[in-house]
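K.L.:
3D model of this:
(3 chains)
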Amino acid sequence: MRKETKEYNYDWMMWRIFEAASRVKDGSEKESRELLNYIPSFKAALEPMFSHGEVGTSYLRVVARYLDNIIHAKERGQKTAISTFCFSPAILYAMDVVPITLELLSVMGTILWKRGTSEYLEYCCEAGFTETSCSSQRGSLGAYLAGLGVDIDFVLCDSPGVCDTNANAFAFASTYLDKPFYQLNMPPNLTGERSREYHRADFRSMISFIEEQTGKKLDQDRLREILIEIEVQDEICDEIEELQRLKPNPAPVEYPLFIYATRFLFSGMKEGTVVLRNILDKVRENASLGISGIAGGEEKVRALFCYIDHYTTNFRMWDMLNDNGVAHLGGILSRQWDISSPLSLEKGDPEEGYGIRTGSLDEMIDSIAEINSRLPMIKSIRGPYDMPHMWLEDNLALARMYDADMIVYSGTPGCRNTWGMIKLFARDTEKQGYPTYIMYSDAFDDRVESWETTRDRFEEFLKVRRLV
Amino acid sequence: MNNPFMDIARTLENKYIVQWKENGNAVIGYTCSYLPDEILYSMGILPFRMRGTGAGSTSIGDTYFGPFICSMPKCILQLAGEGSYGFLDGAVVIPGCDSMRRMDDCWRKAGGDIEGALPEFFHHLGVPHKAVDYSLTWFRQEIEEFVAAVEKHFSVKINEDRLRESVKTYNRGRKLLRELQELRNLKSSPVSGAESMAVILAGSAIPRDIFNSLLEEYLAELRLRKNPGTKKRILLAGSANDDVELLQLIEGDKAVVVADNICFGTRFHPDIVNEDADPVSALAEHYLFRSECPRMFGDYKKRYSILREKIDSAGVDGVILQNIRFCDLHGSENGLFERDLEKEGIPSMRLEREYGPMVETGRVKMRVDAFLERIG
Amino acid sequence: MLAGGCDIGSLTSKAVLMNRGRIVGAEIIKSKPEPGESAQEVMGRALAKGGYSFEDISFCVGTGYGREKIPFVQETVSEIACHARGARWLVPSARTVIDIGGQDCKAMRISIDGTMEKFITNDKCASGTGRFLEVMAEVLGVSLEELGNVSSSSKNPVVLASACTVWAQADVIRHLNENVPLADIAAGINNAMASRMAIIANNIGIEKDVCMTGGVAKNAAVVAALEKILGVRVKRIRKSDPQIAGAIGAALLAEEKISGGPQ
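P.N.:
As a prediction, this is how the structure comes out:
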């Protein structure tokens, strides 16, 4: 690691960037434009944000707030916990714990910096962690392992049984940093009484663990508030999901990222609801005018991302989509699984979506457990890909619902899980008539396959398969 | 003196399996050490731990698995696709890790393409990643469902008395394997790591009764062997290994692997199953709670202390921490082991390798030689 | 009376002759398919330089991948031990040695008294080895030596795919087609190489003084890039060619055998 990189904590640097970025638009139009010239390193990343008006700015503000919470947790007397994106922070907010979601922090550095999080990725290997592990955790984990982040109080994850590589990163972190660890464990079946009981017991055990770590009891009223807010957020997202079925898709290509990031950051918290509402307003506006969310105005291809996005510097993936007229129909991260979401309704199985009940504590715990086990990956990557409620079924239902022209797989080489079934998946989806493009790049590390090459190959696929 | 286990270790369908099948009995293959063998054995079915022994390429494996996957499931699938696993009447896939777990998806797909590649009976046994009361309940229920499926397909019934017998038989084997380890722990260790590995492998590949009697004989012969005990003593840790040639390569003529904590190794038989309790409960508890695998996340300290104990009991000079490329669970745990062993002044070396046909022997030998020189 | 050291690698073979701690003959050749042949030829040439013959060698130690096939050695030792030994002789204050050979990349830490404390290797693929540079130099149409010099005027190094040599190659070709300055591409190549090396160096824990052996140590730009990433100075080897460090170490071990004890 270079000397300069060791001078400041990673999370602190991200905080300062987002804090400043969220204020760029506080001035007049002219002032903001001029200011961008003074931050050449970030201009290219911020311009797309600002092109989205209040949506972009409120999003920046909410990220800044999230980071602010992390930086000041200690002085505010709060505990911090590192966890994964597919672990709902709602329970942590209910118990006054500040979540530090590793993958979100990795995304930030990857998009904002030319060198991405390469030095932190490397540090993980220097610390003994395998190079072949998923880069989504490694990108920011390296900083924490190197002592270049806030002090962490405990470690949580819910990926054992779903994504061992992910769970392994957290287990490693807890051993390396010598911090208490709790894992929620996922059985291979989503539904059924057995799974329900298992989740119940597991969640209760986790709550006891957190109570032990914080010395505070779970505040039921707080939990109730959060669950009610999740319902509010769900309603907003359900409508956004529904509107995306329109042709052309009225949601700009960046919106899926804004949606899922906001939910991972502030599920059940009013800060998140503000951003989601702004997003809904804009999507409604575009929908009423019948216009496409694509920057160039013309939708040529509708692409369903079956997994994650590619977080190359300066949002170049979104540039690529805009340049080629490719509408982003969302990915595994942006999907909604409450019982009244379009997707749950479309699939028709009453047990597929989660319901929120706020009567007794038991009901609330059940709700949170259900929500958690329907988060991205936790839901559809747990059992074999072709089983009910799993990856293939979900994506085919989505492809039909959204009238997709193609399916795109973007992931990381560390994803043992999806790489163990993507070829099978693609065969099935192609058979169903959906050209399926598999990207061999690393969403968090351009040194695996440079962005230029990634883009070349993507565009080649569009041409060869006559999608454009 | 002949090691009767070497042939078994080097062949997939060994002569005892051939005999077993000729007698009209069934064989069920499984992928991970969490399957309670005793149950199948009590029902007259031979449990066979699947290996990639003999896979010369991964052309079939690569067709279904993506590129960034450990080569062990690929080799197993290769053999299944080539027909080498034709002797299996059934297979159980256990989510040992992400790569092995996808054997379920890939094998079924291959079965659709290649006639006869997929055994008629195919089951997914969900094993939790932690050992607590409710996960034990889950595991027990999984076992019961599995038993019901076997009963239905193979027209057999589980019988408690036979199960108790089976537990006793397997425990006898475990005691004998312990005796083997005690011999290995001696300064004058009369048996090489390769030979020991062959013994342990055989334990997962032939009928237990036969295994027990062969091992008893072998132990008696070993006790008569004399050995000056001048070689460097190594403990082999890390990813699954079912290849005796790796042990031979490591040992060469300068070292002896006196202990291990690998899967297919002594990890397979640490404790005796409680013979007094209800057998299914005792088995579920035994198999779930012996957390020697990093798939049981969060138990590093326990595993480290087990490793330390083995190092002490066997009087080890150095530890080789190997992992198969893409094996993140062992690969990163090895990083932690190395850190902690170094702190205690115990020499260790990390070695990343491929699973499968013993290629790159030159590279591995170079590393091992350098390590042996270092601990000299 | 001569002590001989013979290092038969997969890409190059080296031989060194020593007499009472002084090098009296040395040679490097491209390895032939047969290690025995390579050994005969390279040692023959080294002997010829000083006017010696095979009979003048009292003890010879063999090392490298082909060490078991050298007909005229009395003992074989791992190249890791030999490189560490040789590096210590070349740079007496060396505690950390980074060796980049044609096909692998190793880091070693030596204690003050010269014993090997720890070593690590990373050779699962070509990136981070001399082969990577060879391939890249060919694409750029320059020699390996020039690759180091060409990058010195670079203002804006490109970022290359560093995990896979083949992909990096594709990147380089594309940059060339887009008329990116040669210096920037060369600098990107050197940086990619250095960053792969830095990983294993940091993994082993740097202790000063750091030195580099192997052919790549002769590439000034890679060394400079590595220094920048690691934040420590790499001590240049002036006593002899860093590429023959392994053979030197082997020869020193042979000398010990002749004199009957460590030097």
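K.L.:
hey, where'd the helices end up in chain C?
P.N.:
Under the criterion DSSP state H, chain C contains helices at C:35-50, C:79-90, C:130-140, C:144-150, C:165-177, C:182-204, C:220-230, C:245-259.
K.L.:
and the gap between the closest residue to chain B within chain A and B:E338?
P.N.:
Closest to chain B within chain A is A:G128: 2.0 Å, counting by C-beta to the nearest C-beta. For glycine as for every other residue, the C-beta is placed from the backbone atoms N, C-alpha and C. Between A:G128 and B:E338 the computed distance is 6 Å (C-beta to C-beta, to the nearest Å).
K.L.:
tell me how many other residues surround the nearest residue to the residue of chain A closest to chain B once chain neighbours are set aside.
P.N.:
Distances taken as C-beta to C-beta, 6 or more residues apart in numbering or on different chains place B:G335 nearest to A:G128, at 2.0 Å, with adjacent residues excluded. By other C-beta atoms under 10 Å in any protein chain shown, the residues close to B:G335 number 24.
K.L.:
before we move on, which element is B:G335 in?
P.N.:
Secondary structure from DSSP states H and E places B:G335 in helix B:328-343.
K.L.:
do A:L156 as well
P.N.:
Following DSSP H and E, the helix or strand that holds A:L156 is strand A:154-157.
K.L.:
give me the mean pLDDT for the next helix or strand after that strand.
P.N.:
On the C-terminal side of strand A:154-157, the closest following helix or strand by DSSP H and E is helix A:164-177. Helix A:164-177 carries an average pLDDT of 96.
K.L.:
repeat for stretch B:363-372
P.N.:
What stretch B:363-372 shows for mean pLDDT is 90.
K.L.:
rewinding a little: what strands flank the strand holding A:L156, and is each parallel or antiparallel?
P.N.:
strand A:79-83 (parallel), strand A:181-183 (parallel) (DSSP bridges).
K.L.:
quick one: the last one to chain centroid distance?
P.N.:
The reference is to strand A:181-183. Offset of strand A:181-183 from its chain centre (C-alpha atoms, centre = their mean, to the nearest Å): 21 Å.
K.L.:
and A:D445, what does it touch?
P.N.:
Going by C-beta atoms under 8 Å, 6 or more residues apart in numbering or on different chains, A:D445 touches A:T110, A:G116, A:T117, A:S118, A:L121, A:S135, A:G139, A:T412, C:A163.
K.L.:
check for me that it belongs to a helix.
P.N.:
No: checked against DSSP: H, G, I helix; E, B strand; the rest coil, A:D445 lies outside a helix; its state is coil.
K.L.:
from A:V107, how far out is it?
P.N.:
A:D445 is 12 Å from A:V107, where distance means C-beta to C-beta.
K.L.:
ditto for B:F65
P.N.:
To A:V107, B:F65 is 28 Å away according to C-beta to C-beta.
K.L.:
excluding chain neighbours, give the residue nearest to the closest residue to chain C within chain A in space.
P.N.:
Of all residues in chain A, A:E126 sits closest to chain C, at 4.1 Å by C-beta to the nearest C-beta. Computed as C-beta to C-beta, 6+ apart, the closest residue to A:E126 that is not its neighbour in sequence is C:N202, at 4.1 Å.
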